[in-house]
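Trainee: mind folding the following:
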Amino acid sequence: MELDDISEIMPAASAAAVNGAAKKVFIKTYGCQMNVYDSQRMNDALAADGYAATETIDDADLVLLNTCHIREKAAEKVYSELGRLRQMKAERAEAGREMIVGVTGCVAQAEGREILRRAAAVDLVVGPQTYHRLPDVVRRARGGQKVVETEYSLEDKFEHLPQPRKSEVAKRGVTAFLTVQEGCDKFCTFCVVPYTRGSEVSRSVAQIVAEAERLAEAGVREVTLLGQNVNAWHGEGSDGKEWGLGRLLYRLAEIPGIARLRYTTSHPRDMDDELIAAHRDLRALMPYLHLPVQSGSDRILKAMNRRHTAADYLKLIERIRTARPDIAMSGDFIVGFPGETDADFEATMEIVRATNYASAYTFKYSPRPGTPGADMDGHVDEKVKDARLQRLQALITQQQHAFADSLVGQTISTLIEKPGREPGQIVGRSPWLQPVIVDEKAGEIGDIINVRITKTGTNSLFAETA
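Mentor: Okay, the predicted model is just below:
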């Protein structure tokens, strides 16, 4: 059955329709790419129950906050947003119009019923592992119940979620996320993911390939595989043997229409030989790798429970670059982890200089309740964290600009994604994820063209057809 055919098997009178008018859902997404993917799948699940997605909160009958617990004070930001929604909900009630409010994602998982206690406007709380139950939860909430669904289940939520229609996929553009793995078993001492997303679970090869094929049929040209620890993915293949991420990438590269592949986020301990070989062999696998190290200090890495050393990381980078010389590296860094000294921080600066990143994300350490790091001694003063973060970010920015400048005069391939902000322009995506701005006559959305880089902008490249 074609994806568009799902509308033909929907009930004539959906539970989400009142007087013939479809209900609308607005989802505000916080945080990582996994949350972006989850928001899309929630929209897909609700569409099968008669809800239409809207980008305007004033039009919405159902408002969902899909939350992230990684950043500092994430929960408080959610409660602040819920305060504004309470006022909107009250105004709707005075006008005789219902508005259901829900919290999903990692804050929902971490806070659970506490959200209902603190925010009276909330009708439902749903954790990341139970999105396949969302339509039922919404129906119960509309019936007057306060619903919390955060219990982990042995069910495969991906098996139960409705697949997106071709028309909906096409609206999202020529690039797409595809979740292959969730959860993490590494238990880094700064991280809440094992507690909010659970242990590592890998989707099957059959599920992943089927979804990738549907994306290709809808016009998607570039697919990014997602996972909290994506290169730990493993699943049974068509030959009955267990596959790793490298072999999966070889299989996905065979799908007609899929011209580009990426994956994120990786852990250094799970970069095996087959995955490195995939970077060597597959032109479809883009030469850009996000491989977080977090710190350059072995003492801090041990305290973080990273279970690798700075030397291990640098040797791995050397192996990857030998396999794929044009690869560019991205990373994550945390400054001010408990016990971090000036010497520890200088070791981080050294590993950044040694690696020479094309981009990286930098963060000040902030304690997450329930994680071992929160209870450690030696928390670093905020002013010291601020100073270290500024120094680190300045070095990363310098490297990022140097990498962009190195592309000037080169001919590179670019995937055209969307119209530009200025008339007569279109925007593409380089192999290294930079926006590339070129004349609209260069090609159509979805084309992969060769362009010559003429200059750099603050966060983009300018080009002409080659």
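Trainee: which regions of the protein sit below the pLDDT cut-off?
Mentor: Applying pLDDT under 70 to the chain flags the ranges 1-21, 70-73, 152-170.
Trainee: top helix in it by residue count?
Mentor: helix 382-406 (DSSP state H).
Trainee: can you spell out which helices and strands pack onto that one?
Mentor: On a contact count with 3 or more C-beta pairs under 8 Å, 6 or more residues apart in numbering; DSSP states H and E, helix 382-406 meets strand 328-335, helix 342-355, strand 359-364, strand 448-456. Just so you know, the C-beta spots here come from the backbone N, C-alpha and C atoms, and that holds for glycine as well.
Trainee: now the strands: where do they sit in the stretch 101-250 of the chain?
Mentor: With DSSP state E, counting those that start in this stretch, the ranges of strands along the stretch 101-250 of the chain come out as 124-126, 147-149, 175-179, 181-182, 201-202, 222-226, 234-236, 242-244.
Trainee: can you tell me the closest non-neighbouring residue to residue 435?
Mentor: Closest residue in space to residue 435, ignoring its immediate chain neighbours: residue 460 at 4.1 Å, by C-beta to C-beta, 6 or more residues apart in numbering.
Trainee: and residue 363, by the same measure?
Mentor: Here the residue nearest residue 363, using C-beta to C-beta, 6+ apart, is residue 334, at 5.3 Å.
Trainee: give the contact list for the one you found.
Mentor: 190, 294-295, 304, 363-365 (C-beta atoms under 8 Å, 6 or more residues apart in numbering).
Trainee: now it: how far from residue 392?
Mentor: Note on residue 334: its distance to residue 392, by C-beta to C-beta, to the nearest Å, is 10 Å.
Trainee: repeat that for residue 206.
Mentor: On the measure of C-beta to C-beta, residue 206 and residue 392 end up 43 Å apart.
Trainee: these two: who's more crowded?
Mentor: Applying other C-beta atoms under 10 Å to residue 206 and residue 392 shows that residue 392 carries more neighbours, namely 20 against 12.
Trainee: about what we covered before: the longest helix of the chain: what's the following helix or strand?
Mentor: Per DSSP states H and E, the first helix or strand lying C-terminal to helix 382-406 is strand 411-419.
Trainee: kindly export that next one (C-alpha atoms) in PDB.
Mentor: Output of strand 411-419 as PDB, limited to C-alpha atoms (Å, rounded to 0.1, in the frame of the first residue of the first chain):
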ATOM      1  CA  THR A 411      34.700  23.000  -6.400                       C
ATOM      2  CA  ILE A 412      32.400  21.100  -4.100                       C
ATOM      3  CA  SER A 413      29.100  19.200  -4.500                       C
ATOM      4  CA  THR A 414      26.100  20.900  -3.000                       C
ATOM      5  CA  LEU A 415      22.600  19.500  -2.400                       C
ATOM      6  CA  ILE A 416      20.000  22.300  -3.200                       C
ATOM      7  CA  GLU A 417      17.600  22.400  -0.300                       C
ATOM      8  CA  LYS A 418      15.400  25.600  -0.400                       C
ATOM      9  CA  PRO A 419      14.900  29.100  -1.700                       C
END
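Trainee: list the buried ones in the helix or strand following it?
Mentor: Sequence order places strand 425-429 as the next helix or strand after strand 411-419, per DSSP H and E. By neighbour count on 16 or more other C-beta atoms under 10 Å, the buried set for strand 425-429 is 426-429.
Trainee: also stretch 42-55?
Mentor: By neighbour count with 16+ other C-beta under 10 Å, stretch 42-55 contains the buried residues 42-54.
Trainee: next one: it to chain centre, how far?
Mentor: Centroid separation for stretch 42-55 versus its chain: 20 Å, with C-alpha atoms, centre = their mean, to the nearest Å.
Trainee: now stretch 439-449
Mentor: 26 Å.
Trainee: with stretch 413-432 instead?
Mentor: Counting by C-alpha atoms, centre = their mean, stretch 413-432 comes out at 21 Å from the chain centroid.
Trainee: what about it, how long is it end to end?
Mentor: 10 Å (C-alpha to C-alpha, to the nearest Å).
Trainee: for the buried residues of stretch 42-55, give me JSON lines that also has distance to residue 145 and secondary structure.
Mentor: Output for those, formatted as JSON lines (distance: C-beta to C-beta, whole Å; DSSP: H, G, I helix; E, B strand; the rest coil):
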{"residue": "42", "distance to residue 145": "19", "secondary structure": "helix"}
{"residue": "43", "distance to residue 145": "23", "secondary structure": "helix"}
{"residue": "44", "distance to residue 145": "24", "secondary structure": "helix"}
{"residue": "45", "distance to residue 145": "19", "secondary structure": "helix"}
{"residue": "46", "distance to residue 145": "18", "secondary structure": "helix"}
{"residue": "47", "distance to residue 145": "23", "secondary structure": "helix"}
{"residue": "48", "distance to residue 145": "21", "secondary structure": "coil"}
{"residue": "49", "distance to residue 145": "17", "secondary structure": "coil"}
{"residue": "50", "distance to residue 145": "19", "secondary structure": "coil"}
{"residue": "51", "distance to residue 145": "18", "secondary structure": "strand"}
{"residue": "52", "distance to residue 145": "24", "secondary structure": "strand"}
{"residue": "53", "distance to residue 145": "24", "secondary structure": "strand"}
{"residue": "54", "distance to residue 145": "24", "secondary structure": "coil"}
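Trainee: now the two most distant members of these.
Mentor: Greatest spacing in these, by C-beta to C-beta: 48 and 54 (16.7 Å).
Trainee: mind listing what the spatially closest residue to residue 451 that is not a sequence neighbour touches?
Mentor: Leaving out its chain neighbours, the residue that sits closest to residue 451 by C-beta to C-beta, 6+ apart is residue 463, at 3.7 Å. The contact partners of residue 463, taken as C-beta under 8 Å, 6+ apart, are 412, 414, 428, 436-438, 451-454.
Trainee: go again using 6 Å as the cut-off
Mentor: Taking C-beta atoms under 6 Å, 6 or more residues apart in numbering as the criterion, residue 463 is in contact with 436, 438, 451, 453-454.
Trainee: what does residue 344 give?
Mentor: Residues near residue 344 by C-beta under 6 Å, 6+ apart: 297, 300.
Trainee: hmm, try it at 8 Å
Mentor: 295-297, 299-300.
Trainee: burial count for the closest residue to residue 291 other than its chain neighbours?
Mentor: Sequence neighbours aside, residue 266 is the residue nearest to residue 291 in space, at 5.1 Å (criterion: C-beta to C-beta, 6+ apart). When neighbours are defined as other C-beta under 10 Å, residue 266 has 20 of them.
Trainee: and if you look at residue 100?
Mentor: Number of residues near residue 100 (other C-beta under 10 Å) recorded here: 20.
Trainee: quick one: it and residue 146, what's the gap?
Mentor: In terms of C-beta to C-beta, residue 100 sits 11 Å off from residue 146.
Trainee: returning to that earlier point: and which of the buried residues of strand 425-429 is nearest residue 382?
Mentor: Proximity of those to residue 382 (C-beta to C-beta) peaks at residue 429, which lies at 36.9 Å.
Trainee: residues touching residue 452, list them.
Mentor: 409-411, 463-466.
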